[in-house]
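Chemist: sequence and predicted model, in that order:
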Amino acid sequence: MIVLANINLKAISLKARPLLGFLLFFSGCGNERNQFTINGNTMGTTYSIKFVSSTTNINIESIESGIDSLLNQLNKQMSTWDPKSEISLFNSWKSLEPYPVSEALLKVMNGAIDISRKTDGLFDITVYELMRLWGFGPNPKSGMPDNNEIISALNRSGYGKITIKNETLIKSDKSIKVDLNAIAKGYGVDKVFAYVRTKGYEDIFVEIGGEVRCSGKTIMLGCDTGIYKDTYKRIGKEIGQKINLVTLNIGSWDFRKAGIESTIYHAKGMFIFFPFS
């Protein structure tokens with residue numbers, strides 16, 4: 001199985017209290033409420049789904065199976081960690097001929113390229129080789145890359161080198177590769193969130209690899225969910241000021257924090273932070 005999950009059920013009263021290392025806060029009616037948690041692994045990262053019910057008499061196995069099916073499908077379409085996924089096969093496609101893809105992959109690719117255009121390339125899914133050079137992804141390179149390697153990888157990137165036409169993807173450079181991690185997890189969050197909501201639940205928290213969406217009056221937190229502000233003072237100190245969302249009165253929210261975590265390289269007395277802001 002690509003997706004591995006486990007389930008936890010806890011009855012939580014109106015009064016907030018710490019449970020299993022998480023601090024959970026509930027508001028609303030005085031009835032005892034039950035939180036269900038499903039955790040697992042997908043797309044080379046972890047996920048956590050939480051939802052609240054007024055009863056324990058629900059078919060949790062059926063819900064878990066539905067989530068498992070959604071995430072397995074997502075893996076098969078968009079995970080670079082699966083060498084047989086759609087995106088991995090497209091990356092291995094050494095041809096300039098049109099490559100047919102699924103509707104879901106086409107939708108995410110369209111969204112990614114649209115964001116790339118709007119940001120003038122600051123967001124770019126064709127940085128697979130650059131990510132690999134800096135030690136990310138399924139086949140990371142160790143050590144610091146040299147200038148020639150970086151220039152070569154840059155020459156093999158650029159969102160403009162991929163065209164979408166008639167439900168196919170077309171490369172203008174046979175060597176170009178795509179990494180959808182910055183957008184596919186958010187797509188997965190939306191799919192899982194919508195699925196749980198169809199089961200009649202409103203107090204929902206969905207997180208995949210740091211991508212978060214939740215709704216309802218109850219705020220259910222995973223590990224230190226928050227929003228970071230770029231207010232660092234100096235190298236060597238903690239970077240970013242976190243605002244813990246538990247202090248906010250939020251009924252429904254979602255945010256995407258992919259890419260804000262910095263990887264720090266120390267070489268020849270210099271600190272190099274990626275990504276740049």
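Modeler: Received, thanks.
Chemist: what sits closest to Ile176 if chain neighbours are left out?
Modeler: Nearest in space to Ile176, with sequence neighbours left out and distances taken as CB to CB, 6 or more residues apart in numbering, is Lys161 at 5.1 Å. All C-beta spots, glycine's among them, are computed from the backbone N, C-alpha and C.
Chemist: can you get me a residue count around the one you found?
Modeler: As a burial measure, Lys161 scores 15 neighbours (other CB atoms under 10 Å).
Chemist: what sits against it?
Modeler: Shown in contact with Lys161 (CB atoms under 8 Å, 6 or more residues apart in numbering): 126, 171-173, 176.
Chemist: next SSE after the helix or strand containing Ile49?
Modeler: Counting by DSSP states H and E, the element that carries Ile49 is strand 45-53. Reading on from strand 45-53 to the C-terminus, the next helix or strand found by DSSP H and E is helix 60-78.
Chemist: same for that following helix, what does it pack against?
Modeler: Using 3 or more CB pairs under 8 Å, 6 or more residues apart in numbering; DSSP states H and E, the elements in contact with helix 60-78 are strand 4-12, strand 33-42, helix 86-91, helix 103-118, helix 181-198.
Chemist: beta partners of Glu207?
Modeler: Note on Glu207: beta-bridge partners Ser48, Val212, judged by DSSP bridges.
Chemist: and it, how far from Ile60?
Modeler: 18 Å (CB to CB, to the nearest Å).
Chemist: who has more neighbours out of the two?
Modeler: In this view Glu207 and Ile60 are compared by other CB under 10 Å, and Glu207 has more residues nearby, 25 against 14.
Chemist: for this protein, which spans come out with low pLDDT?
Modeler: Along the chain, segments meeting pLDDT under 70 span 1-32, 217-277.
Chemist: per-domain residue ranges of it.
Modeler: Under the assignment automatic domain parsing, the domains of the chain span 4-79+183-232+242-258, 86-179.
Chemist: next up, the contacts around Lys107.
Modeler: Each residue near Lys107 by CB under 8 Å, 6+ apart is listed here: Tyr187.
Chemist: quick revisit: buried residues, the strand holding Ile49. List them.
Modeler: The neighbour-count criterion (16 or more other CB atoms under 10 Å) identifies 46-53 as the buried residues of strand 45-53.
Chemist: now swap in stretch 82-94 and tell me
Modeler: Neighbour counts over stretch 82-94 (16+ other CB under 10 Å) mark 82, 85-88, 90-91 as buried.
Chemist: okay, how far is it across it, tip to tip?
Modeler: According to CA to CA, to the nearest Å, stretch 82-94 extends 18 Å from its N-terminal end residue to its C-terminal end residue.
Chemist: tell me how far the ends of stretch 164-179 are from each other?
Modeler: In terms of CA to CA, the two terminal residues of stretch 164-179 are separated by 16 Å.
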